[in-house]
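>>> okay, structure incoming, though there's no sequence with it:
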């Protein structure tokens, strides 16, 4: 197997694992706030021992974040934690398919928020493509009112997904990605430790300690979908372009929806308006992919 084929396989596996996280949101019966707290706990502990084994904490050649940087990284971790809680809230208060369709609004929020935060010119064609995706979500919202709480959670999740890479760019350039992830998720864990008790007042949990089955799926979520998925993505990016990676990650909602249809037969509970909304979102994604591809060809 050539290096390029191996990298593409790694990337598609990382995207598949990302899509599978929504399925685990159904299989793990914990309240979404507690689910994310345990996910963060297991992931941070795992990353700590990986970094300790690799001696990255003591390696003088690796640039370490300063205290001021760590506080900023913790802030990004708080965004990740809120994004994950809202995403699993969307899964639990609607369906995997609806949650992933809402997740597709990330492009709209990125096109709108990135220029504002980074003080760049707004690219209106990207905003227009995002609005097409929003129109698809509006159609689903209008004809599936029983999922309104889940859809609202999904939109909040999409906003968090848009904000995370905007703020994360600065740190990934300066520090080792795995080290940044450790501090970010550590910040997310600390944030949720304070916020979850308040969250549970509004969205009460049926129980607080994971069952044996929950622990099994939580370990799959932390070790495979988070730690391994992150490693595969980084390994692939060493061999392929960011353009290819971005196009491939557009398949995440598609993988997730297909898995939801296979595992939970969600196609039986969704009407034609869901598919109309999904078609609009897919149209926006395809047009965006074509636009990025054309720009990539021009820049060669």
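That came through fine. This is a predicted model, so every value here is computed, not measured.

>>> buried stuff in the strand or helix carrying residue 73?
For residue 73, the enclosing helix or strand under DSSP states H and E is helix 67-93. Neighbour counts over helix 67-93 (16 or more other Cβ atoms under 10 Å) mark 69-70, 72-74, 76-93 as buried. For every residue, glycine as well, the C-beta is placed using N, CA and C.

>>> quick one: average pLDDT of it?
Throughout helix 67-93, pLDDT has a mean value of 92.

>>> quick one: stretch 12-21 to chain centroid distance?
10 Å (Cα atoms, centre = their mean, to the nearest Å).

>>> pull the residues that contact that stretch.
100, 221, 224-225, 228-230, 232-233, 236, 248-249, 251-256, 259 (Cβ atoms under 8 Å, 6 or more residues apart in numbering).

>>> which residue is the nearest non-sequential neighbour of residue 219?
residue 42 (6.5 Å; Cβ to Cβ, 6 or more residues apart in numbering).

>>> ok, residue 211 next?
In space, residue 211 is closest to residue 29, 7.1 Å off (Cβ to Cβ, 6+ apart).

>>> tally of neighbours for that neighbour?
Residue 29 sits with 15 neighbouring residues when counted by other Cβ atoms under 10 Å.

>>> which residues touch the residue nearest to the spatial centre of the chain?
Centroid-nearest residue in the chain, with Cα atoms, centre = their mean: residue 161, separated by 5.9 Å. By Cβ under 8 Å, 6+ apart, the contact set of residue 161 is 83, 87, 103, 106, 109.

>>> please, which helix or strand holds the nearest residue to the first one once chain neighbours are set aside?
Spelled out, it's residue 83. Leaving aside its sequence neighbours, residue 83 sits nearest to residue 160 (Cβ to Cβ, 6+ apart; 2.8 Å). Residue 160 is part of helix 148-174 when elements are defined by DSSP H and E.

>>> now residue 197: how far from residue 116?
33 Å (Cβ to Cβ, to the nearest Å).

>>> who touches the nearest residue to residue 24 once chain neighbours are set aside in this structure?
Distances taken as Cβ to Cβ, 6+ apart put residue 221 closest to residue 24, at 4.9 Å, once the chain neighbours are dropped. Residue 221 sits next to 21, 24, 28, 39, 42 when contact means Cβ under 8 Å, 6+ apart.
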